[in-house]
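# just the structure for this:
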Amino acid sequence: MTARWVVDEVRPHRDLHVTWQPISLFFKNEPAPDSDYYEPVLFTHQLLRVMEAARVEHGNDGVEKIYWECGRRIHHDQDRSFDPADVLETVGFDRALAAAADDEQWDEEIRTRMNEGLALAGDDIGTPIIACNDCYDNRQAYFGPVITRVPSTEDSLKMWDALRAMMDVQGFWELKRTRTERPEFGDRP
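From the prediction side, this is the model:
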């Protein structure tokens, strides 16, 4: 939902360049192989490998295309076992990039990119992470915002501007309240 908020409602109205970076919950949480959590996060980790392989050939825009198609399948279609080659074909990329899903050579790049975000926001957080420069040109990052639906354009811009303003306040660390509703993904884009 946070990605939809930034891309659909904020980016068209603010001068934003979105760089897609991986965060592997497989690496972050290190689930035991016999846990129910292991297979789902291994699958999404394999998707990150495919995205990093695609980044080499198609750049950041290629990562974004794959991210959206995977998101549609996972969140709208409730499909968590699709073939990454089908995603690649859907977005117009070579199906052969799907071999990266089982290729551990991509793990170092995933860890490096993930650790850059965690170094900015802290390692006691999850995803999403938003990073940008503050008014002093220092790189800052936050975990979140975690939202259950994309706000109206007006509210989206208010929230973005507030987030940016908080980045300029030295010593500001955290806002939080208990989540009381599940995400509302809306129609399949």
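
# near Ser35, how many other residues are there?
Burial of Ser35 is recorded as 11 neighbouring residues (other C-beta atoms under 10 Å). Heads up, the C-betas are built off the backbone N, CA and C, glycines and all.

# for the chain, which segments count as helices?
Applying DSSP state H to the chain gives helices spanning 2-4, 25-29, 38-71, 84-90, 107-121, 153-167.

# which one of those helices lies closest to Asp187?
Of all those, helix 2-4 sits nearest to Asp187, with 11.5 Å by C-beta to C-beta.

# now the closest one: buried residues?
The neighbour-count criterion (16 or more other C-beta atoms under 10 Å) identifies 3-4 as the buried residues of helix 2-4.

# can you check stretch 126-134 too?
Buried residues in stretch 126-134, defined by neighbour count with 16+ other C-beta under 10 Å: 127-130.

# which of those residues fall in strands?
Of the buried residues of stretch 126-134, the ones assigned to strands by DSSP state E are 129-130.

# ok, the buried residues of stretch 126-134 vs Ser24, which is closest?
Ranked by distance to Ser24 (C-beta to C-beta), the buried residues of stretch 126-134 are led by Thr127 at 9.5 Å.

# would you mind giving me the confidence score for that closest one?
If you check Thr127, the pLDDT there is 91.

# low-confidence stretches in this protein?
Across the chain, nothing is flagged by pLDDT under 70.

# which residue is nearest the centroid of it?
Of all residues in the chain, the one closest to the mean position by C-alpha atoms, centre = their mean is Pro128, 5.7 Å from it.

# distance check, the closest residue to that one other than its chain neighbours against Gln46.
Nearest residue to Pro128 in three dimensions, chain neighbours excluded: Thr2, at 4.3 Å (C-beta to C-beta, 6 or more residues apart in numbering). Noted for Thr2: a distance of 22 Å to Gln46, by C-beta to C-beta, to the nearest Å.

# do the same with Asn115
Plainly put, Asn115 is 19 Å away from Gln46 if you go by C-beta to C-beta.

# higher neighbour count, the two?
Gln46 (19 against 13).

# residue contacts, the more buried one?
Listed by C-beta atoms under 8 Å, 6 or more residues apart in numbering, the contact set of Gln46 reads 84, 101-102.

# how close does it get to Tyr67?
Taken as C-beta to C-beta, the span from Gln46 to Tyr67 is 14 Å.

# what about Pro31, how many neighbours?
Quick note: Pro31 (other C-beta under 10 Å) scores 16 neighbours.

# likewise Val6?
For Val6, the count of nearby residues is 19 (other C-beta under 10 Å).

# that one reaches Leu16, doesn't it?
Yes: using C-beta atoms under 8 Å, Val6 and Leu16 qualify as a contacting pair, with a distance of 7.2 Å.
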